[in-house]
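*Asks:* got a predicted structure here, sequence first:
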Amino acid sequence: MTAKQPRRPQHRPSLINVPAYDYGVYHLSIAERLGYAALAMAVGGFVGYLFFGGLGMTPEGEPTTVTRVLDAIVVGVPALVAARAFLRLRSEQIRQARAQVLQTQFRDMLDSLVGSLSAGGTVIQGFQLARDDLERQHSPDAPIVQELNLLIAGFHNNIRIEDMLHDLGERSASADIESFANVFKIAYLRGADMKLAVKNCHQILTEKMQISADIETGLVASKNESFIMVVIPVILVALLKTGGGTFAEGLRSPVGVLCTLVAVSMFLGAYALARRIMTIKI
């Protein structure tokens, strides 16, 4: 039996032994976990009861002990499953959003760095000017500003710039930033034209982000349709059950429960498959 792997920390020591943010992971705070878990449990419990609630009633429609036990199961199990799945999903969404913010600001940093190098400044002067520009463009607390503060502090502590950039590339969870760090290291150590190297990296990153934005825009309608595909059955069942008639009774029969279970599984599987298909990485 393998031992459980320790949880990856949100911060890890940088090359100057100060905590540096790891963009490859995000841990929800206690308040976030409680809030998101409560929301997911409410939705999961409601949907579970809507589709499978009221089983085991008497012919007169009176709930029995079996009904109460089954209701607790069909509410509790989906609620717990939804909370667990949503916490994992939400954590990954926030992680990706933070990594995307860093990548966008990194592109802005390259833009400023190209301008500084074109004006004849040194590499460290370029990073310092980029830090000042990005403080005004974003804020002193912006992720890229904090990373530039680390890089400049590392330079003043006799740590090579290329090593600091390599550390950023490993923490950034971005293949583009990691690639730039590798290109920068090779070009800097071999005495290449840094202005041209940074300019080419900036151009490639800008084009790649533009393509990603175009693809994401084109997929918005499809993503909305996949979400609606899951929501519509819930709305229809809710309307049919609250509208009276024999529809609700049919769903409580063994065949109705089996059909409902198969249908819900198919809808959830189709939604998961659609989201996976529409996740395109460049």
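*Replies:* Perfect, I can see it now. Numbers count the residues shown, from 1 in each chain.

*Asks:* where does the stretch 151-282 of the chain have low pLDDT?
*Replies:* Using pLDDT under 70 as the threshold, the predicted model of the stretch 151-282 of the chain has low-confidence ranges 243-248, 280-282.

*Asks:* show me the helices in it, by range?
*Replies:* Listed in chain order, the helices of the stretch 151-282 of the chain (DSSP state H, counting those that start in this stretch) span 161-171, 175-189, 194-242, 247-251, 254-277.

*Asks:* run through who's touching the first one.
*Replies:* Outside of helix 161-171, the residues within contact range by Cβ atoms under 8 Å, 6 or more residues apart in numbering are 12, 14-15, 20-24, 123-124, 127, 147, 150-151, 154-155, 177-182, 184-185, 188-189. Bear in mind the C-beta positions are built from the backbone N, C-alpha and C, glycine included.

*Asks:* let's go with 6 Å and repeat that
*Replies:* Contacting residues not belonging to helix 161-171 are listed as 15, 22-23, 147, 151, 154-155, 177-178, 181, 184-185, 188 [Cβ atoms under 6 Å, 6 or more residues apart in numbering].

*Asks:* now do the second one
*Replies:* The list of residues contacting helix 175-189 from outside it, by Cβ under 6 Å, 6+ apart, reads F106, E162, L165, H166, G169, A197, C201, L205.

*Asks:* out of the helices of the stretch 151-282 of the chain, which is the most enclosed?
*Replies:* Neighbour counts averaged per stretch over these are highest for helix 161-171, at a mean of 20; criterion: mean count of other Cβ atoms under 10 Å.

*Asks:* so that helix versus helix 175-189, what angle?
*Replies:* Relative orientation of helix 161-171 with respect to helix 175-189: 170 degrees, computed using axes from the mean of the first three to the mean of the last three Cα atoms, to 10 degrees.

*Asks:* dihedrals phi and psi, G120?
*Replies:* The phi and psi values for G120, taken as degrees, to the nearest 10, are phi 100, psi 10.

*Asks:* and it, how many neighbours does it have?
*Replies:* When neighbours are defined as other Cβ atoms under 10 Å, G120 has 8 of them.

*Asks:* so how far is G126 from it?
*Replies:* According to Cβ to Cβ, to the nearest Å, G120 and G126 sit 10 Å apart.

*Asks:* show me what contacts A99?
*Replies:* Under the criterion of Cβ under 6 Å, 6+ apart, the neighbours of A99 are Y23, A173, S174.

*Asks:* again, only this time at 8 Å
*Replies:* Shown here is A99, whose contacts under the criterion Cβ under 8 Å, 6+ apart are Y23, G24, S172, A173, S174.

*Asks:* ok, I124 next?
*Replies:* Contacts here follow Cβ under 8 Å, 6+ apart; on that basis I124 touches I152, F155, I161.

*Asks:* now distance to L70 too, for these, in JSON lines please.
*Replies:* Below are the contacts of I124 laid out as JSON lines (distance: Cβ to Cβ, whole Å):
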{"residue": "I152", "distance to L70": "63"}
{"residue": "F155", "distance to L70": "66"}
{"residue": "I161", "distance to L70": "65"}
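
*Asks:* farthest pair in the contacts of helix 175-189?
*Replies:* When these are compared pair by pair using Cβ to Cβ, the two farthest from each other are E162 and L205, 18.0 Å apart.

*Asks:* please enumerate the strands of the stretch 51-200 of the chain.
*Replies:* Applying DSSP state E, counting those that start in this stretch to the stretch 51-200 of the chain gives no strands.

*Asks:* wait, isn't S91 in contact with R33?
*Replies:* No. Between S91 and R33 there is no contact, the gap being 9.1 Å when judged by Cβ atoms under 8 Å.

*Asks:* can you give me the pLDDT of Q128?
*Replies:* At Q128, the predicted lDDT confidence score is 93.

*Asks:* before we move on, the earlier item: can you redo the contacts of A99 as JSON lines with distance to T242?
*Replies:* Listed next are the contacts of A99 as JSON lines, based on distance: Cβ to Cβ, whole Å:
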{"residue": "Y23", "distance to T242": "46"}
{"residue": "G24", "distance to T242": "46"}
{"residue": "S172", "distance to T242": "50"}
{"residue": "A173", "distance to T242": "46"}
{"residue": "S174", "distance to T242": "49"}
